[in-house]
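> Provided below for reference: sequence and predicted model.
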Amino acid sequence: MTDTSTTSDDLEPVVPADEAPAPRTFAEHGVEPRIAASLAGAGITTPFPIQSMTLPVALTGHDIIGQAKTGTGKTLGFGVPLLQRTAVPGDPDHDALPAPGKPQALVIVPTRELATQVAGDLTTASRSYPARILTVYGGRAYEPQIEALTKGVDVVVGTPGRLLDLAQQRHLDLSHVMCVVLDEADEMLDLGFLPDVERLLAQTNPARQTMLFSATMPGPVVAMARSYMRQPTHIRAVDPTDDGATVAAITQFAYRTHALDKVEVLARMLQATGRGLTIVFSRTKRTAASVAEQLTERGFAAAAIHGDLGQGAREQALRAFRTGKVDVLVATDVAARGIDVEDVTHVVNYQCPEDEKTYLHRIGRTGRAGNTGVAVTFVDWDELPRWSLIDKALGLGFGEPVETYSTSPHLFEDLSITAGTTGRLPRTQRTRAGLGAEQVEDLGEVGAAKGRRARSGGSGASGRGGRSSAPQEQAEEGVVEERVERPRRTRTRRRTRSGVEVTGEVAAESAATGGATPEVAPASAGEPPEKAPRRRRRTRTSGAEAGAADAG
């Protein structure tokens, strides 16, 4: 795709935040009563700003570009209109469809975790509205997904790779899709998914409604919007009192820490007053596994999630985290998007993020949906230049972080840590069940993915005996590659002497004598072989051995 310098300002009309309608209930927005009742049953009655601004436009079928900070409620902003435009079994409109049972709506997301989160929100909104929702992504067996598509589904949520695979195998028919949502479009650009997304869009009905949601609006995303959307309404949901790049409800700290003291600092932070669920981010898989293992040894209920784990183990860790069996999730950036867990009070950047976008998406796991949160970033000495760029790009105003150790008084004061707290959790506070209390679901994984399991506590450098190759340690990979076992080739060795092959007993005797091949004279006529005269055996000696003999 050709990159353009076009900015999001060229996409009009724009609905600014200060003209957003006053908050009303979902029912007052004209939402289908059964969907509104489903949301009310989950305690969701008043829409957030991005939802209030999106619903009036989306419910009429117009294309939308939604731009808002992470954690502001975009999912229901597109999820409610998508469900309302979907005919469900039992309704007269469903029987009148050209192909009942074929997908009517498609949601494309960049990561597996985000697919699970979006599907969960849609399921919550459709408890009284029987839409059949299917989640499709890699790491799971094909057969259950194919079986569900054969029985009939109404909404498909998935990642581009698996969606395209099923479409190419003719199991997924997108020709009747009348509503498409692209969530986290900027992340799909970063991961190189935009060509796959365009191939999927080309298979849908040209008269569809398209909704694109993204935290940022780079040129290629704008170009795709112009190619596949019809006069989209660009909605920016920005709180006029919050003009920064980050959510104002998140209190941020940055500390210059030493690599050998980081775990100790983290262990004391995890005992801060009022701390709830916590996500610790690292750049590499080895670090994530190591930190989770060390925290578990110190008495904390911790689990790791990274690309060396099979999908079953990753979902086991997320389920344990959501249910509170573990309260510390150590994750690589594969989890920076898509984890929408309530009551995440703290986010810790154990290793400095690569750039400002990664920083925003990491700390966006807390302070969500109107809640408050705390974000702490550890900056090692060699990470100061990178942190300086992030600080300037986002206007955080930290400058050079203050030098901090596990005994620094300002650490205890900033984070409300009780004086005298050590780096081990007291046994009286070890009340959570831990990762072992959550079963690993058999997802029918194939190849190496099924065998990649973490050791106890969700940690472990990799699923191959704790060893990890150098390229795998350097960066996180969201997709686990399969290893093909090839038969070992049998090698044959021949022994020769003066160009003549030595075989049989002579070769065996040569090997027994350290490589010296005996020379045997032919037997005399009329004599049995065992009586044949033998020449004196000559052996080769190294120069050192010969010198030693001469000296003797």
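Looks like it arrived, so ask away.

> how about V348, secondary structure?
Classification of V348 by DSSP: H, G, I helix; E, B strand; the rest coil places it in strand.

> Quick check: closest non-adjacent residue to F321.
L329 (4.6 Å; C-beta to C-beta, 6 or more residues apart in numbering). C-beta: built from backbone N, CA, C; applies to glycine.

> what's the span of stretch 172-185, first residue to last?
From its first residue to its last, stretch 172-185 covers 22 Å (C-alpha to C-alpha, to the nearest Å).

> With stretch 131-141 instead?
23 Å.

> And the contacts of that stretch?
83, 86, 88-89, 103, 112, 115-116, 119, 122-123, 126, 145, 148-149, 152-159, 161-163, 166, 172, 310-311, 314, 443-446, 449, 479-480 (C-beta atoms under 8 Å, 6 or more residues apart in numbering).

> 7 Å - rerun?
83, 86, 88, 112, 115-116, 119, 122-123, 126, 145, 148-149, 152-159, 161-163, 166, 310-311, 443-445, 449, 479-480 (C-beta atoms under 7 Å, 6 or more residues apart in numbering).

> And for stretch 249-260?
246, 265, 363, 366-367, 371-380, 387, 396, 398, 401-404, 414.

> How far away from the center of its chain is that stretch?
23 Å (C-alpha atoms, centre = their mean, to the nearest Å).

> picking that back up, out of the contacts of stretch 249-260, which end up buried?
246, 265, 363, 366-367, 371, 373-379, 387, 396, 398, 401, 404, 414 (16 or more other C-beta atoms under 10 Å).

> Could you list which of the residues you listed belong to strands?
When the buried ones among the contacts of stretch 249-260 are checked against strands (DSSP state E), the matches are G373, V374, A375, V376, T377, F378, V379.

> And the second one, how close does it get to T431?
Using C-beta to C-beta, to the nearest Å, we find V374 at a distance of 22 Å from T431.

> Going along the chain, name the strands of the stretch 201-350 of the chain.
209-214, 233-237, 250-256, 277-281, 302-305, 328-331, 344-349 (DSSP state E, counting those that start in this stretch).

> any idea of the angle the fourth one forms with strand 344-349?
Between strand 277-281 and strand 344-349, the angle comes out at 20 degrees (axes from the mean of the first three to the mean of the last three C-alpha atoms, to 10 degrees).

> any weak-confidence spans in the stretch 351-500 of the chain?
Within the stretch 351-500 of the chain, the stretches with pLDDT under 70 are 369, 443-496, 498-500.

> ok, what's across the strand from the closest residue to T404 other than its chain neighbours?
Spatially, and ignoring its direct neighbours in sequence, T404 is nearest to Y255 (3.7 Å; C-beta to C-beta, 6+ apart). Y255 forms beta bridges with F378, V402, as assigned by DSSP bridges.

> Going forward, the N-terminal residue is numbered 866.
I'll keep to 866 as the first residue from here, and by that count the last item is Y1120.

> any idea how far Y1120 is from G944?
38 Å.

> which of the two has more neighbours?
G944 (30 against 22; other C-beta atoms under 10 Å).

> give the contact list for that one.
D986, L987, A990.

> Give me the average confidence score over stretch 1020-1031.
Per-residue pLDDT values across stretch 1020-1031 average out to 96.

> Okay, and I900 sits in which element?
Following DSSP states H and E, one finds I900 within helix 898-906.

> List the buried residues in that helix.
Within helix 898-906, judged by 16+ other C-beta under 10 Å, the buried ones are R899, I900, A901, S903, L904.

> can you check stretch 1264-1283 too?
Quick answer for stretch 1264-1283 (16+ other C-beta under 10 Å): P1266, T1269, S1271, S1273, L1276, F1277, D1279, L1280, I1282.

> Contacts for it, please.
1118-1122, 1126, 1129-1130, 1133-1134, 1136-1139, 1244, 1249, 1252, 1256, 1284, 1288.

> show me where the stretch 866-1015 of the chain has helices.
Taking DSSP state H, counting those that start in this stretch to define them, one finds helices in the stretch 866-1015 of the chain at 898-906, 914-923, 939-949, 957-960, 977-990, 1007-1016.

> what's the most buried one of those helices?
helix 939-949 (a mean of 26; mean count of other C-beta atoms under 10 Å).

> that older thread, just the buried residues of stretch 1264-1283 now: which is nearest L962?
Of all the buried residues of stretch 1264-1283, L962 sits closest to L1280, with 55.7 Å by C-beta to C-beta.

> rewinding a little: for the helices of the stretch 866-1015 of the chain, which one sits closest to C1044?
Using C-beta to C-beta, those put helix 939-949 closest to C1044, at 5.2 Å.

> what's the closest of the buried residues of stretch 1264-1283 to V1212?
L1280 (12.6 Å).

> Next one: the closest one relative to Y1270, how far apart?
Distance from L1280 to Y1270, by C-beta to C-beta: 14 Å.

> Then P965?
The value you get for P965 to Y1270, if C-beta to C-beta is used, is 65 Å.
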